[in-house]
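> attaching a predicted model along with its sequence, questions to come.
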Amino acid sequence: MADDELRFRFELRDLADVRPWGGEHNPTLHWFALTAGWYWIELGGHELLRYSERTLRRWREEFGTQDRPYVDHFVVRIWEDVLEILADVMEPVPRDLVGFVSSDLAGSPVWDEDEVTPEAEAAADWHGRRSMYMGPLVNAPHIRWWRTVFDGADRISVSWTHEPDHEIEFAAPLTGLVTLSADHLSAAVADLDRALLAAMERRVAALEAAGGPPGVGLDVEQLRRDHEGRSARLERARTRTPATDWAAVRAGAREFLAAGRQRPADGA
């Protein structure tokens, strides 16, 4: 894999291994639950969301098995999270805001103020809309994406940071920064969308033909509707236009930069 390439990768669990929701008294399956599996990101020669060998070894000792070295969750989450930020990531960052967007706001003194100004809030919101949501995952990397179009070069920068000294470790370096063509991001998102919807089409069709597992509630008609309803999500994400108040963002960015102590993305 070339250093500037990107792939969102996943593998679904076998249908027989998907755990129903609702506990033993009301077990049910639905589209979201049926995306149970593993996912990871191949980026710049690294595998983000792959656990370290030390963490995997500890889990094997404690739990006896670890099916894959990657995040074990619902694959729909990475698909949703990528589509959620796509329009904001694809919005080109003006040259005067690159220093701001490439910095980490977590330790900024601005947050210590008694009242944060509306401009600082607007700038922080604009900055944050380029971060992937990783809430359900323990010690997952903080991954941020931003686009620049300067001097004929249309590039996406991707930075990540992990919390150090955590009991759950990932295989990628603690921090990193990779730049790639904006076309590579667009293609990778389209590939993820196409692959996930195709895999789920096969899963939905199999359940329509055979029905759900015995004793498990499954509305196959609703399952089909849920599946078809997701077919237009990528196009909606592509065509959404962010409502950016550039004056407010610039004013807020000046507050953050003047306050100091922002940490730049690794290598920025």
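All right, it came through fine.
> buried ones in the helix or strand in which Thr55 is found?
Using DSSP states H and E, Thr55 sits within helix 53-63. Within helix 53-63, the residues that count as buried by 16 or more other Cβ atoms under 10 Å are 55-56, 58. Quick note: C-beta positions are derived from backbone N, CA and C, even for glycine.
> need the contact partners of that helix.
The contact list for helix 53-63, computed with Cβ atoms under 8 Å, 6 or more residues apart in numbering, reads 51, 66, 69, 167-171.
> after the longest helix along the chain, next one along is what?
Of all the segments of type helix in the chain, defined by DSSP state H, the longest one is helix 182-210. Using DSSP H and E, the next helix or strand after helix 182-210 towards the C-terminus is helix 220-229.
> flag every buried residue along that following helix.
Buried-residue list, helix 220-229, by 16+ other Cβ under 10 Å: 223-224, 226-227.
> show me what counts as buried in the very next helix or strand once past that helix.
Going down the chain from helix 220-229, the next helix or strand is helix 233-239, by DSSP H and E. Of the residues in helix 233-239, 234, 237 count as buried by neighbour count, 16+ other Cβ under 10 Å.
> outside of helix 233-239 itself, list whatever touches it.
Helix 233-239 is contacted from outside by 83-84, 86-87, 90, 189-190, 193, using Cβ under 8 Å, 6+ apart.
> what is the mean pLDDT for that helix?
In this model, helix 233-239 has an average pLDDT of 97.
> what's near enough to touch the closest residue to Val110 other than its chain neighbours?
Spatial nearest neighbour of Val110, chain neighbours left out: Ala259 (4.9 Å); criterion: Cβ to Cβ, 6 or more residues apart in numbering. Listed by Cβ under 8 Å, 6+ apart, the contact set of Ala259 reads 108-110.
> what's the nearest residue to the residue minimising distance to the centre of the chain if we skip its chain neighbours?
Of all residues in the chain, the one closest to the mean position by Cα atoms, centre = their mean is Met132, 4.1 Å from it. Nearest in space to Met132, with sequence neighbours left out and distances taken as Cβ to Cβ, 6+ apart, is Ile143 at 4.6 Å.
> hmm, Leu137 and that neighbour touching each other?
No. Contact between Ile143 and Leu137 fails when scored by Cβ atoms under 8 Å: they sit 11.1 Å apart.
> more neighbours: which of those two?
The residue with more neighbours, out of Ile143 and Leu137, is Ile143; 21 against 15, by other Cβ atoms under 10 Å.
> element containing the more buried one?
In this structure, Ile143 sits in strand 142-150 according to DSSP H and E.
> helix or strand right after that strand?
Sequence-wise, the next helix or strand downstream of strand 142-150 (DSSP H and E) is strand 153-161.
> tell me the buried residues in that next one?
155-161.
> Leu12: what's it in contact with?
35-37, 75, 199, 203.
> swap that for Ala190, please
Ala190 touches Leu234, counting by Cβ under 8 Å, 6+ apart.
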